[in-house]
Structures are given as structure tokens and as C-alpha cells.
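1. for reference, the sequence and a predicted model appear below.
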Amino acid sequence: MSSSPEDLRDQTRQQILNSMGGWSGTIVAAIPLVVFVIANAIGGLRSAIIAAVSAGVLVAGYRMARRQPVQQVMTGLFSVAIAAAIAARTGEARGFFLLGIVAAFGYAGVFALSLLVRRPLVGVIWEYLDPSPLPPGTRWHKLPGLRRAYDIATAAVLAMFTARAVVQLSLFQENRTGLLAVAKLVMGLPLYLAVVAVVFWVVRRARRRLGLRPTLEPPSLLEPPTLPALATPDPEPAAGSRGADSSPEGGISLRKGED
């Protein structure tokens, strides 16, 4: 049975939300990295590789126990295994971070290319997940105001990946393994959420100006939790506020035939 375009969009939205994992998911995913750095400082590279892979397996088991998507679990475990294999192959602890640096440069190149061909990638993704209600035959990239917003949003994502790649490559070349771990954590989810906030603000603002409905909501991670509203009891009427007939309105009721 084939899925409708709406079903595919819903599945894609859910996969994006699942891939973020939230703050708790980020902390859990960072465990193999922290274990690797500590074990390398204490017992050397061999011990660090074994410890990191073992931690990756434990993290995968924890995620499976919490019924997280299998694809997300296996992606995290695969990344740890590849990073450990590169470190073992190079014989240097900094090799553990090489995969992330290459990936950051790769993502930056894709976003940069989308700007060069005038099809900003944020616009392509956004218009797939939440198509603009445009007249028939009108394409989103033909609207200067909308495409400009997608250009800015795509440039923000490009800047994020470029910053990650340049900073971590500089530390990699200096063989600063500890600082590499710190940079990877700090420039991970915190920076990602900041960029996502900018993207949603820019795009939703442009859509409102063009009279387009902004139905795609930002991830809940960007919004502070709200406390449930507390019901406040009605104030007691002041003494003597009820009328002579004790009417609930508190005034004196004048009925026909009364003085």
C-alpha cells in the first residue's frame, strides 16, 4: 500500500524531531565521547577505543529500552564505531573526531551549493514539509521575499556547519583532544537550537508578510515549558453587597408593584 504525500511529510517531520533527541538525548549521545577522552587520558588509545565502543553499545541498549527509533539508535552506534575505527587506524586519539569534521565540511558544502544554484536547501526542505499555499503555477523560489528569507535561513545553517568544521579542524591540527571534545559538545545541540530559532523566525516572518499561513511549528525544545493555569476562586462578595432580595447580582431588584 503506497503512502500519500501527506503521510510521507508526517513521517519526515517525525524523523526530524526524533533525530534531535532533546537535551536528555544529547547528553546520552555524548557519553561515548566523554568516556573516550577520559579513558585516553588514563589508559591510552587502546583503552579509550574499547571504552568508547562499550559505552556506545550501552547507550544503544538504553535507547532501545526507551523504545527510541531503531534507525536513530543504530546511527548513533555506527557513528561511534566508525570514529573508533578511524582512531585505531590512524593510531591517534584525535582521529576519533575526524568523521565529525569531515561531515561538517560536507554539510557546509551542500548548503553552499544550494545557495549557488538559487535553490536554498532550507526552502526545499520547508516547502516539502509545509508547502506554501501559492496560486497554481507559482513556484516559491520565484517569490523574491520568500526566497530571500530561505537564503538567509540557509546561510545561517551554512555558518553553523562552517564554524563547526573550521574550529574543530584547527583543534585537530593542534592535536588538542580535550578541547576537541568540548568544542564538539558546545557546538552541538546548543548551537543547533540557536540556528533553528533563527531559521523559524526568519521564515515565519516572511510568510506572514506575504500572507501565507505559518503552520510548521518550531520544535518544543525551543520553547520554555509552561505551567498549567491555576483556577482562581471567585472572590467572596463583600458584606452587605447583596441586595434586600439577596439577588446574585448584588443589586436591589425592583419588581413591578414594589416601591
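-> Everything's here; your move. Keep in mind that this is a model prediction, so the values were computed, not measured.

2. so, low pLDDT: which residues of the protein?
-> 1-26, 69-72, 213-259 (pLDDT under 70).

3. which residues in it form helices?
-> Remark: helices assigned in the chain by DSSP state H are 5-20, 22-29, 31-43, 45-65, 70-90, 98-116, 121-129, 144-173, 177-186, 189-209.

4. of these, which approaches Pro135 most closely?
-> helix 144-173 (13.3 Å; Cβ to Cβ). (Glycine included, C-beta is placed from N, CA and C.)

5. now do the closest one: which elements does it pack against?
-> helix 98-116, helix 121-129, helix 177-186, helix 189-209 (3 or more Cβ pairs under 8 Å, 6 or more residues apart in numbering; DSSP states H and E).

6. rebuild those helices as TSV, extending it with mean neighbour count and distance to Tyr150.
-> Conversion of the helices and strands packed on helix 144-173 to TSV gives the following (neighbours: other Cβ atoms under 10 Å; distance: least, Cβ to Cβ, whole Å):
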stretch	mean neighbour count	distance to Tyr150
helix 98-116	16	9
helix 121-129	18	3
helix 177-186	18	27
helix 189-209	17	7
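
7. please produce JSON lines containing these, extended by distance to Ile27.
-> What follows is these, written out as JSON lines (distance: least, Cβ to Cβ, whole Å):
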{"stretch": "helix 98-116", "distance to Ile27": "17"}
{"stretch": "helix 121-129", "distance to Ile27": "27"}
{"stretch": "helix 177-186", "distance to Ile27": "9"}
{"stretch": "helix 189-209", "distance to Ile27": "9"}
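
8. out of these, which gets nearest to Ile38?
-> helix 177-186 (9.4 Å).

9. now Pro131: phi and psi?
-> Torsion angles at Pro131 (phi, psi; degrees, to the nearest 10) stand at phi -60, psi 140.

10. can you tell me how far it is from Arg139?
-> To Arg139, Pro131 is 11 Å away according to Cβ to Cβ, to the nearest Å.

11. I figured Ser132 was touching Arg207, is that so?
-> Yes - taking Cβ atoms under 8 Å as the definition, Ser132 is a contact partner of Arg207 at 7.1 Å.

12. between these two, what contacts are shared?
-> Common contact partners of Ser132 and Arg207 (Cβ atoms under 8 Å, 6 or more residues apart in numbering): Leu146.

13. Leu121 contacts Ala155, doesn't it?
-> No - between Leu121 and Ala155 there is no contact under Cβ under 8 Å: 10.5 Å.

14. identify the residues contacting Leu77.
-> Counting by Cβ under 8 Å, 6+ apart, Leu77 has contacts 56-57, 59-60.

15. of these, grab the buried ones for ChimeraX.
-> To isolate the buried members of the contacts of Leu77 in ChimeraX, using 16 or more other Cβ atoms under 10 Å:
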select :56,59,60
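
16. going by distance to Arg46, which of the contacts of Leu77 wins?
-> Nearest to Arg46 among the contacts of Leu77, with distances taken as Cβ to Cβ, is Gly56, at 16.1 Å.

17. what distance do you get for the closest one to Phe36?
-> Distance, Gly56 to Phe36, by Cβ to Cβ: 10 Å.

18. identify the contacts common to the two.
-> Ala84.
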